[in-house]
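# Just to be clear, the model below is a prediction. Sequence and coordinates:
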Amino acid sequence: MTARDLTTSHPPSRRRAPLTRALKRGSGMASDGHICERRRAAERRLRVISGHLHQRAQDGHAAVSAQECKAEASRANPAKAAPVPKRRHDIMKWNGWGYSDSRFLFNKKGQAEFTGKRYRLSGLILPSLKDWFEGTFGANLQHKSPATPALNVSAVPPPNLNESFVEELKAAGVALSQEPEDRVFRSHGHCLHEIFALREGRISRVPDLVVWPSCHNDVVKIVELACKHNVCLIPYGGGTSVSSALECPPEETRSIVSLDTSQMNRILWIDEKNLTAHVEAGIIGQDLERQLNESGYCTGHEPDSMEFSSLGGWVATRASGMKKNIYGNIEDLVVHIKMVTPRGVIEKSCQGPRMSTGPDIHHFIMGSEGTLGVVTEVTMKIRPVPEYQKYGSIVFPNFQQGVACLREVAKQRCAPASIRLMDNEQFQFGHALKPQVSSIFTSFLDGLKKFYITKFKGFDPHHLCVATLLFEGDREKVLQHEKQVYDIAAKFGGLAAGEDNGQRGYMLTFVIAYLRDLGMDYYVIGESFETSVPWDRVLDLCRNVKERIVRECKERGVQFPPLSTCRVTQTYDAGACVYFYFAFNYRGLSDPIHVYENVEHAAREEILANGGSLSHHHGVGKLRKEWMKEAVSTVGLGMLKSVKEYVDPSNIFGNRNLL
Amino acid sequence: RVYPALRPMTTGIGSSTPNPVLKKRDDFEDVLEERRNSSDLRYALRCYTPALYKGLVPCKASMLKSIVLQSDSLQYVVGQSREAVQEEAALLLEEMAHRLQLGTIRFFAFTLSKAFKALFRGVCVNEEGIQRLQQAIQEHPVVLLPSHRSYMDFLMMSYILYTYDLALPVIAAGMDFISMKFVGEMLRMSGAFFIRRSFGGDKLYWAVFSEYVKTMLRNGYAPIEFFLEGTRSRTGKSLTPKTGLLNIVMEPFFKGEVFDVNLVPVSISYERILEESLYARELLGVPKPKESTSGLLKARRILSEDYGSMHVYFGHPVSIRSLAQGHISRSQHNLLPRHIPQKPTADTQAFVNDTAFRLVRLQEENMVLKPWVLLATLLLQNPDGMDLSTLTEQADWLRRLALAFGAFLDWPDHEPCSKVISSSLALHKNLVCVSGGRVRLVVEELPGAESATEEAGFNRAVSVLSCASYRNQILHLFVRPALIAVAMQTANCSRKDEVFNCFNFLRNVFSNEFILCPGAAVQDFEEACYLLGKCGAVQELQQDLVMSQSGQTTLAFLCSVLDPFLQGYQVVFHTNTQKYRYVHTFTRFNVSTCVMILITAYTIKSRQTSPHSVQPLCAVFEVFSLLILSLTKSTKRSNKVPEKRTGKESDSVLWSTLKAVCVKTLVLI
């Protein structure tokens, strides 16, 4: 058997309608039954895996490293994991990032702590965060700006339903909801202005209906009906967009239907001969990786949002993963895509690894941002789970040296799975997230390290910066690879700074979104954005954009200098991806969001003026639409428009992104 | 608006305020005062720790050279035939580069203290400007742009920066100095780097030079100082700016290599210019004495003379970034590696040119005017001399007019007018004398007077030209209102649009004569109207511009300010155009120079009808053609010849245009 069917208990054609209906009624019995069923499935998979592992061990390989790629605990026990529920707001915040049980707060003693049990940081005290927070932003724990505690259902506009459409949907057995909570949850992504509005209890245009297709055929049916009744469809995957892509166009007069793909979350088959897996596009990153891990595989695609973002979303926005140096970005990973459009289903006829059949139709789909259709199924490359993983970090005397080193690593094409360079501000930020040290000895050791680097090696603590590394592969090769990278680093004045610093660096990227919610409790707002840029311009772009942010904030009356920091997150042959964070204290500003938007706009202008791209992986959405013509030329935009014109002439997929 | 609404650049500098003249200026402090009270040696040896640019890449002067030689842009130009060319580049750089050393600076600090104390009564600097500069130096790379009236300028700049504990500049200096034994090297060690006056098509030289300057700017090595006017103005009028170096220092910003660059205009004004008579002689065709160490030593007699006081005003730093906002798209450099030289686009060229003019205007505006400037203006309008009492009376009137126009006048507040005037006259006793209550220009009486008419004529010309160089210092204040005054006289009606057309025509004619920002005709017109209205000379009505009853004196005065220039140009147009082919031998002169000579010649001619006195005029008349050449350029710029043509045809078009211009000018006068 070449393609091992893991879905015997979930044949693709099977409907889960009875179960979902039960869930909607909130029947405890039904959900319990559901969980039991999932658990049984998981246990079955575990058995398969253990057999798999056993076999590998016999082959002379060392056991799979127990170390997690991310510093989170939720994946440590796969059997406990549950798929994304329809009522997402039951486990996730309706007006902030991530799980409801996980959040930063300042406790009664004024110390920062992270609640919940899901992550490595959960339950820990972060003693230096408060000082960093107050010092960096001029914020004060006395000055709180709390969010509206609960959604005011009466503030949600009543749904504008297309009755005949709804009737036919119901007849077709598609799960749907018009509950205000469901609709509000799917009315936004995670741009600052979207979350800020929610925290203030402001609700703008929201979808009128949420539908949950459970398979490809459901989607075909929904799109057919949408065309028939002329309703607007907005595909919704993980909801982690940061480009205003999920915002409902306020000028849309038709009924807006949010098409939530979260229930299309099965791995349909795994083909070990070709190392591919065929997956439904609604699956979210962590479930995909966990389920593949169960059979000893992974895709290796790990965007920072992978806990929540979906496969379909990755395809639709041209996502990029942290470990792309080994596994590639989404465009390198997909072998086959199936997308439902108003014109019908688009897909290739075979799974050849490369084709010369005119312009690659996958490239019309990837990056289409939900304007052409819904991606329903994807065949992806998979790899065996790596035998060994190792974090690492390098301290450089300054950012310039760090960039020069990354450039050299890229030139020699020996980049580890991930290599990221944080600037000094971000290094200090990372430092502020150090959990309480348990023993005097560790703190003594830390002091000694600091002394060695700053006094003995003469690094200026206000200039030094840190590269974080992640190596993957055979143990032997990893060690060899590690040595090669550290040797290059030494040529640029870099000192190896231990695994711990490296791991904390990666942790920072995924708790940052939680941290933003903490900032917003204390008058601090912030956002991140990214670009890609040729190597020779990396330094200039970083400096100019950071400085532009500081200057714009000052000119717009921001009282305290903002946090304006960047890191180089990906290396390519011809350039790098740069990621910026910026945040400021908005006390004293009458319209903070307006100020913030102006600053972000100015920062993007600066990026473009310095030879950076409009986006490396966040996409265009509606936030960056105005620059599309400049970015791809008038003819280029015309090409895209004519595709849209052909595929979706009545603008059924009317989220108005991109074009 | 009836007149063409040329869109003026809406940037932060200059005349964006509704009332351009009443801007508050800083107070001065005399830096020599402390020098007179404490040890010069201790001053020269004191601790010097300037605040540095925050993005400074620390490097030594010698390191700088190797960075330049290894830079991509230089390697690109050096190209394939590497070694020989590389060596040549190294030699060029060796010839060019400075070797800034603190020791030499200290030596200069000591000797210049002595010299300055002997020469000047005071050196007044605006401290607030210094503070602004200190701030600017820390934030972004700084380019210092002083006005250029004397060799003293750059010595004084470094001296002041040392005094205030500011980063010492590197200075673009002409090759002339390098031939001075010892002194040239001393200057090199105090931060001067030497550039050839012309290197037309020499790509390698250009590459070495521009990369050298850009490297210093990018690394924040030191403030870069150069003279926008390119050379010392011999006439006291600002010269139209050269844009070569400005282009170079702006490029790192255009290409995103620096976040911003601060341009700091500095106005240096002298009560009495050291090279006063030297300039006049040079203008009359006596060659400039070659810069030499022995010459310098010989010139030490000037130490015994009194040159009054001087003022140095550090203007507000001008951010290139804010200037370029909306005018320059930096992304135009996105598609070519940045080290490959690119010809600036027309947009960029226009922007740089415009900026250069604005900066020179800023220099002019902050130039301190001495009472003597007013006196020189009046005396030149009365070549036969004036009664002291009349002079006093008119000077007081002119003072008030100048102040109303926003002059930066250093007129002692609490002294009676007559006293101010007599001390001014005393300081310039080599140019004017008072005898029997009459003030007139000095002409040295020579023994054997009969044979020396020619000599006397020459001497008189020197006096007139020296005087004129002081008068010229105030022209920037009056030129725009004066153009309106003449325009009102010549326009047949008082309709505003007619006056504007005349104004605009004259403005184009004089575009190489005065600093008139290209494309700012409307702005200039409005500004001048405002000024004339403010001093009560004209009334601005809905459609018309009319002289008010009390405006006669002011308008007559303004017309007479411009009169010598109009007459000079008139003479030029009378001249046979055959002289055209001599142009190339006179490239040393610029338009201003020619016109200065013409004016002088004309004055002399009108006074002395003896045929002998025509002798020095011969040289004068031969340079007419050069002026004509410049004029054709300026008419081209003013879109009189919109079509591009080639060869003979274009020549004839030029000449016919020129003739038209002549005729119109003649009609005007």
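Now that the structure is in, tell me what you want to look at. Numbers count the residues shown, from 1 in each chain, chains lettered A, B, ... in the order given.
# A:Ser262 sits in which helix or strand?
Remark: A:Ser262 resides in no helix or strand, with elements defined by DSSP states H and E.
# Near it, how many residues? Count them for me, please.
23 (other C-beta atoms under 10 Å in any protein chain shown). The way it works is simple: take the backbone N, C-alpha and C, and place the C-beta from them, glycine included.
# Tell me which residue is most central in the chain.
Looking at chain A here, since you left the chain open. The centre of chain A sits closest to A:Ser305, judged by C-alpha atoms, centre = their mean, with a distance of 2.0 Å.
# Please refer instead to chain B.
Note: chain B centre (C-alpha atoms, centre = their mean) maps to B:Ser238, 2.7 Å.
# State the distance from the residue of the stretch 251-400 of chain A found nearest chain B to A:Cys465.
Closest residue of the stretch 251-400 of chain A to chain B, C-beta to the nearest C-beta: A:Gln400 (8.3 Å). Distance from A:Gln400 to A:Cys465, counting by C-beta to C-beta, to the nearest Å: 9 Å.
# Those two: which has the busier surroundings?
A:Cys465 (26 against 17).
# give the contact list for the more buried one.
Residues near A:Cys465 by C-beta atoms under 8 Å, 6 or more residues apart in numbering or on different chains: A:395-396, A:398-399, A:402, A:421-424, A:426-427.
# A:Gln400 now?
With C-beta under 8 Å, 6+ apart, A:Gln400 has these contacts: A:Leu539.
# Show me what counts as buried in the strand or helix carrying it.
For A:Gln400, the host element (DSSP H and E) is helix A:399-411. For helix A:399-411, the neighbour count (16 or more other C-beta atoms under 10 Å in any protein chain shown) marks A:399-410 as buried.
# Past it, which element shows up next along the chain?
Downstream of helix A:399-411 (by DSSP H and E), the next one is strand A:418-422.
# Wait, the residue nearest to the centre of chain B touches B:Ser147, no?
Yes - with contacts counted by C-beta atoms under 8 Å, B:Ser238 reaches B:Ser147, the gap being 6.8 Å.
# Between those two, which contacts overlap?
B:229, B:360, B:363-364.
# Take these and write them to a markdown table, including neighbour count, secondary structure and pLDDT.
What follows is the shared contacts of B:Ser238 and B:Ser147, written out as a markdown table (neighbours: other C-beta atoms under 10 Å in any protein chain shown; DSSP: H, G, I helix; E, B strand; the rest coil; pLDDT from 0 to 100):
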| residue | neighbour count | secondary structure | pLDDT |
| --- | --- | --- | --- |
| B:Glu229 | 23 | coil | 92 |
| B:Val360 | 22 | helix | 95 |
| B:Gln363 | 26 | helix | 95 |
| B:Glu364 | 21 | helix | 94 |
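# from those residues, which is closest to A:Asn230?
Nearest to A:Asn230 among those is B:Val360, at 65.6 Å by C-beta to C-beta.
# And the average pLDDT for stretch A:180-195 is what?
Here stretch A:180-195 scores 96 as its mean pLDDT.
# what about it, start to end distance?
With C-alpha to C-alpha, to the nearest Å applied, stretch A:180-195 spans 17 Å between its terminal residues.
# Can you list the low-confidence ranges for the chain?
This is for chain A. Within chain A, the ranges that satisfy pLDDT under 70 run A:1-81, A:438-445, A:448.
# think we crossed wires, I meant chain B
Applying pLDDT under 70 to chain B flags residues B:1-23, B:80-81, B:284-287, B:443-457, B:568-669.
# Just the strands from it, written as ranges.
Along chain B, counting by DSSP state E, strands occupy B:28-30, B:122-126, B:142-146, B:170-174, B:192-195, B:224-225, B:262-270, B:309-314, B:318-319, B:386-387, B:432-435, B:438-441, B:538-540, B:545-547.
# which strands and helices sit next to the first one?
Applying 3 or more C-beta pairs under 8 Å, 6 or more residues apart in numbering or on different chains; DSSP states H and E, we find strand B:28-30 packed against strand B:122-126, strand B:309-314.
# now those in TSV, with mean neighbour count?
Converted to TSV, these look like this (neighbours: other C-beta atoms under 10 Å in any protein chain shown):
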stretch	mean neighbour count
strand B:122-126	22
strand B:309-314	25
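# quick one, phi/psi of the residue of the stretch 451-600 of chain B found nearest chain A?
Closest to chain A within the stretch 451-600 of chain B is B:Gly519: 24.6 Å, counting by C-beta to the nearest C-beta. Here is the backbone geometry of B:Gly519 (degrees, to the nearest 10): phi 80, psi 10.
# correct me, but it touches B:Asp354?
Yes - with contact defined as C-beta under 8 Å, B:Gly519 counts as touching B:Asp354 (7.0 Å).
# Looking at these two, which is more packed in?
The neighbour comparison of B:Gly519 against B:Asp354 (other C-beta under 10 Å) goes to B:Asp354, with 20 against 15.
# Tell me how far the more buried one lies from B:Ile515.
B:Asp354 is 12 Å from B:Ile515, by C-beta to C-beta.
# now swap in A:Asp460 and tell me
47 Å.
# how about the helices of the stretch 151-300 of chain A, start to end?
A:163-172, A:180-185, A:192-199, A:216-229, A:285-294 (DSSP state H, counting those that start in this stretch).
# contacting residues for residue 207?
The chain I'm using is chain A. A:183, A:186-187, A:234, A:248, A:256-258.
# other chain: chain B
Here B:Ala207 is in contact with B:73-74, B:76-77, B:89, B:341 (C-beta under 8 Å, 6+ apart).
# mind redoing it with 6 Å?
With contact set as C-beta atoms under 6 Å, 6 or more residues apart in numbering or on different chains, B:Ala207 has these partners: B:74, B:77.
# go on, the one 10 residues further on?
Listed by C-beta under 6 Å, 6+ apart, the contact partners of B:Leu217 are B:141, B:224, B:249, B:252.
# mind running it again at 7 Å?
B:141, B:224, B:249, B:252, B:258, B:261 (C-beta atoms under 7 Å, 6 or more residues apart in numbering or on different chains).
# Could you find the closest non-adjacent residue to B:Arg232?
Closest residue to B:Arg232 apart from its sequence neighbours, by C-beta to C-beta, 6 or more residues apart in numbering or on different chains: B:His148 at 5.0 Å.
# Next, count neighbours for that neighbour.
B:His148: 20 surrounding residues under other C-beta under 10 Å.
# That one reaches B:Gly236, doesn't it?
No - in this structure, B:His148 is not within contact of B:Gly236 by C-beta atoms under 7 Å, at 11.4 Å.
# Was I right to think A:Phe510 contacts A:Ser305?
No - the criterion here is C-beta under 7 Å, and A:Phe510 misses it with A:Ser305 at 8.3 Å.
# ok, back up a step: just say which of the strands of chain B is most tucked in.
Mean neighbour count (mean count of other C-beta atoms under 10 Å in any protein chain shown) peaks for strand B:142-146 among these, with a mean of 27.
# and that strand with strand B:309-314, angle?
For strand B:142-146 against strand B:309-314, the angle by axes from the mean of the first three to the mean of the last three C-alpha atoms, to 10 degrees is 150 degrees.
# ok so, going back, the residue nearest to the centre of chain B and B:Asp176, how far apart?
Distance of B:Ser238 to B:Asp176, computed by C-beta to C-beta: 21 Å.
# ok, and the closest non-adjacent residue to A:Ser613?
Per C-beta to C-beta, 6+ apart, closest to A:Ser613 is A:Ser532, 4.7 Å.
# for that neighbour, what are its contacts?
A:575-577, A:612-613, A:616.
# Looking at these, which one is closest to chain B?
Set against chain B, the nearest of the contacts of A:Ser532 by C-beta to the nearest C-beta is A:Gly612 (8.9 Å).
# what's the closest non-adjacent residue to the closest one?
A:Thr531 (3.8 Å).
# now swap in A:Pro562 and tell me
In space, and not counting its chain neighbours, A:Pro562 is closest to A:Phe584: 3.7 Å by C-beta to C-beta, 6+ apart.
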